[in-house]
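1. A structural model of the following input is requested.
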Amino acid sequence: MTVTDRTSADREVQRTNDTTIRYTISGPATGPVLAFIHGWGCNRTDFDEIAGFLPADYRILAIDLAEHGESRSTRDVWTMEEFAHDVKAVLEAESVDNCVVVGHSLGGAVAVEVARILPDVVSHVVALDSLHYLALFPAQDEQTVNAVVQAFNDDFATAVRGLVEGGSLEDTDPALKDAYFEKMVAVRQPAGVRAIEGLVRWDMDAALNEVKQPITVFAVRSILTQEATDRYGDRIRIVPVDLGTHHFHVESPEDTAKLLTDLASA
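-> A predicted model of the protein is given here:
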């Protein structure tokens, strides 16, 4: 694929509770829109290289969720639904009337919620290695939620390391895992722990019952389980990929961009 020399601009939109959502936009206003949502403890720069491999006529929005990247908030609610309103605010600010929402990890749950609250705007949800981890999706029982939150409260670094290891392959370079760990362990608090709680409390099944748009999951093949496929394969199109770890969009931006463009043109 040819690398596109994109001119981008950083912008922001204000929400309630002293919430400022920062985002990067590039591409012509009339082009098909892709809205990118990063995962937990990550930020919008994860999609910088992907944007360069997308067609020049695409309109790209890369969004920092509240208390991630450059976005800031003093709010008390850290649910997937509230994060979806961060994205909604950006789409409204840019007068987007049709888009594909692409979310990585926690961002996949947020993308589903964006589709739920904007059914006439979101045409397709794409989840990058998201929605198939049954320990996080769907909603967990109260005992499990409490155990997960307690683990992060007791030893945050160890809990974050567990997330990184769970999304890695047997032959993943330790330096790469360390890089992901260092980025994610620095997530701002209390949003970090509260967002994890919001994720494990998120009722994915209820959301899927309401969202009518197609949902495509690009899942790391060696992490994807048959149990997840059996549970959601009739509602979600799950496509196994061999492009790297849970963060394959960062490791293989050109191939990830091709997945997205092929999907858009299908």
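2. so which residues make contact with stretch 251-262?
-> 1, 34, 49-50, 52-55, 100, 102, 126, 128, 176, 218, 239, 241, 243-245, 248-249 (C-beta atoms under 8 Å, 6 or more residues apart in numbering). C-betas here are computed from N, CA, C, even on glycine.
3. I meant stretch 142-157, not that one.
-> Stretch 142-157 is touched from outside by 140, 158, 159, 160, 162, 185, 192, 193, 196, 197, 200, 201, with contacts defined as C-beta under 8 Å, 6+ apart.
4. report the buried residues of the helix or strand encompassing residue 148.
-> In the assignment (DSSP states H and E), residue 148 maps to helix 142-154. Residues of helix 142-154 classed as buried: 145, 148, 149, 152 (neighbour count, 16 or more other C-beta atoms under 10 Å).
5. same deal with stretch 49-67?
-> 49-55, 58-67.
6. before we move on, what about stretch 241-253?
-> 241, 243, 244, 245, 246, 247, 248, 249, 250, 251, 252, 253.
7. do the same with stretch 250-265
-> 250, 251, 252, 253, 255, 256, 257, 259, 260, 261, 263, 264.
8. okay, who's weakest in those by pLDDT?
-> Ranked by pLDDT, these bottom out at residue 264, which scores 80.
9. for that residue, list the residues it contacts.
-> 32, 100.
10. what's the answer for residue 204, then?
-> Taking C-beta under 8 Å, 6+ apart, one finds 109, 112, 131, 137, 138, 139 in contact with residue 204.
11. rewinding a little: in TSV: the buried residues of stretch 241-253, plus secondary structure and distance to residue 120.
-> Formatted as TSV, these follow (DSSP: H, G, I helix; E, B strand; the rest coil; distance: C-beta to C-beta, whole Å):
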residue	secondary structure	distance to residue 120
241	strand	30
243	coil	32
244	coil	35
245	coil	35
246	coil	32
247	coil	32
248	helix	31
249	helix	27
250	helix	32
251	helix	35
252	coil	33
253	helix	31
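12. which one of those is nearest to residue 119?
-> Among these, residue 249 lies closest to residue 119 (C-beta to C-beta), at 25.8 Å.
13. three-state assignment of the nearest residue to the closest one once chain neighbours are set aside?
-> In space, and not counting its chain neighbours, residue 249 is closest to residue 256: 4.4 Å by C-beta to C-beta, 6 or more residues apart in numbering. The three-state label for residue 256, taken from DSSP: H, G, I helix; E, B strand; the rest coil, comes out as helix.
14. let's number from 844 now, not from 1
-> Sounds good: first residue 844 from here, last item residue 1099.
15. measure residue 1099 to residue 909 for me?
-> Using C-beta to C-beta, to the nearest Å, we find residue 1099 at a distance of 25 Å from residue 909.
16. export the contacts of residue 1047 to TSV and tack on secondary structure, pLDDT and distance to residue 1010?
-> What follows is the contacts of residue 1047, written out as TSV (DSSP: H, G, I helix; E, B strand; the rest coil; pLDDT from 0 to 100; distance: C-beta to C-beta, whole Å):
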residue	secondary structure	pLDDT	distance to residue 1010
952	helix	98	15
955	helix	98	19
974	coil	98	14
980	coil	92	14
981	coil	90	19
982	coil	91	21
